[in-house]
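Trainee: Sequence unavailable; structure follows:
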């Protein structure tokens, strides 16, 4: 059986988890607690020297990077995965790839930064977030959300049209990240609200809530970070992100 090494605090992990669940791909959930520093364990190092999740292990084949894992699962289980997830049509598939390529340095980067500033900055940096830094991060996130609405979603039910795809799945998990800190990024965005509600219906509200349950407990994540023996190791990385 395929093994998925995941921490559902992570947006990419949630996209892999949700996809495998909703299309019925059998897998064994291997929990990697990032806040506890389990990615730095000797055991996990044997799985991936990159020290990041998600990681997929399919027999002796190990794959990192969530987008690569999603595409692998689509193609391995092509006989049972509906075409709309990652269409065979050249131009439709290119549209999915276009979004997946764009989001890394836009919606993902900006949503993650807002989450880290609001949830973890005080723990890691031992100070409050400077207002100008927080305002700039939120503005960057809003610009990415505007682009999602205007360029990718437009007036369609989903990014590709009438059917959900990997693009929608990857987008929604990123948007849910800053929401976990209490920032309602859907406020004043009726188009995104309707899109989110359609996505939850397609994925199943129970499954969607299950995947995002852990991220709602941001305070407990911060507490775990405070007790993390690897916190000093993480500080230079976070200082670079917060700069």
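Mentor: It's in. Being a predicted model, the structure only gives us computed values, none of them experimental.
Trainee: how close does the closest residue to residue 24 other than its chain neighbours get to residue 105?
Mentor: Closest residue to residue 24 apart from its sequence neighbours, by C-beta to C-beta, 6 or more residues apart in numbering: residue 80 at 6.9 Å. In short, each C-beta sits where N, CA and C put it, glycine included. With the distance defined as C-beta to C-beta, to the nearest Å, residue 80 ends up 33 Å from residue 105.
Trainee: Now do the contacts for residue 53.
Mentor: 5, 6, 7, 10, 12, 13, 32, 34, 39 (C-beta atoms under 8 Å, 6 or more residues apart in numbering).
Trainee: Low-confidence ranges, this protein, go.
Mentor: Residue ranges of the chain with pLDDT under 70: 218-243.
Trainee: residues contacting the residue positioned nearest the centre of it?
Mentor: Residue closest to the average C-alpha location in the chain (C-alpha atoms, centre = their mean): residue 11, at 1.9 Å. Counting by C-beta under 8 Å, 6+ apart, residue 11 makes contact with 108, 111, 112, 173, 174, 176, 177.
Trainee: So which residues of the protein form helices?
Mentor: Applying DSSP state H to the chain gives helices spanning 11-23, 42-47, 66-76, 90-103, 107-119, 121-125, 131-147, 166-179, 190-203, 205-212, 218-226, 231-242.
Trainee: okay, these in TSV with distance to residue 54 next?
Mentor: Listed next are the helices of the chain as TSV, based on distance: least, C-beta to C-beta, whole Å:
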stretch	distance to residue 54
helix 11-23	5
helix 42-47	11
helix 66-76	5
helix 90-103	15
helix 107-119	14
helix 121-125	23
helix 131-147	22
helix 166-179	12
helix 190-203	18
helix 205-212	13
helix 218-226	18
helix 231-242	19
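Trainee: To residue 155, which of those lies closest?
Mentor: Among the helices of the chain, the nearest to residue 155 by C-beta to C-beta is helix 190-203 (7.9 Å).
Trainee: Once you drop chain neighbours, what's closest to residue 67?
Mentor: Residue 67's closest residue in space is residue 100 (C-beta to C-beta, 6+ apart), at 5.3 Å.
Trainee: Give me the distance between the one you found and residue 153.
Mentor: Applying C-beta to C-beta to residue 100 and residue 153 gives a distance of 15 Å.
Trainee: Would you mind giving the domain segments of the protein?
Mentor: What the record gives for the chain is the domain set 2-82, 84-226, from automatic domain parsing.
Trainee: give me the number of residues near the closest residue to residue 149 other than its chain neighbours?
Mentor: In space, and not counting its chain neighbours, residue 149 is closest to residue 191: 5.6 Å by C-beta to C-beta, 6+ apart. Using other C-beta atoms under 10 Å, residue 191 has 15 other residues around it.
Trainee: same thing with the one 10 residues further on?
Mentor: Using other C-beta under 10 Å as the criterion, residue 201 is surrounded by 11 other residues.
Trainee: go on, residue 85?
Mentor: Other residues near residue 85 come to 23 when the count uses other C-beta under 10 Å.
Trainee: ok, it - contacts?
Mentor: Counted by C-beta under 8 Å, 6+ apart, residue 85 has contacts 19, 23, 74, 164, 165, 166.
Trainee: Could you list the residues in contact with stretch 177-186?
Mentor: 11, 111-112, 114-115, 118-119, 138, 141-142, 145, 175, 192-193, 196, 212, 215-216, 218.
Trainee: which among these end up buried?
Mentor: Buried residues within the contacts of stretch 177-186, counting neighbours by 16 or more other C-beta atoms under 10 Å: 11, 111-112, 114-115, 118-119, 138, 141, 145, 175, 192, 196, 212, 215, 218.
Trainee: Check the gap between the residue lying closest to residue 207 once chain neighbours are set aside and residue 31 for me.
Mentor: In this structure, residue 207 finds its nearest non-sequential neighbour in residue 21, 5.7 Å apart by C-beta to C-beta, 6+ apart. Look at residue 21 and residue 31: by C-beta to C-beta, they are 15 Å apart.
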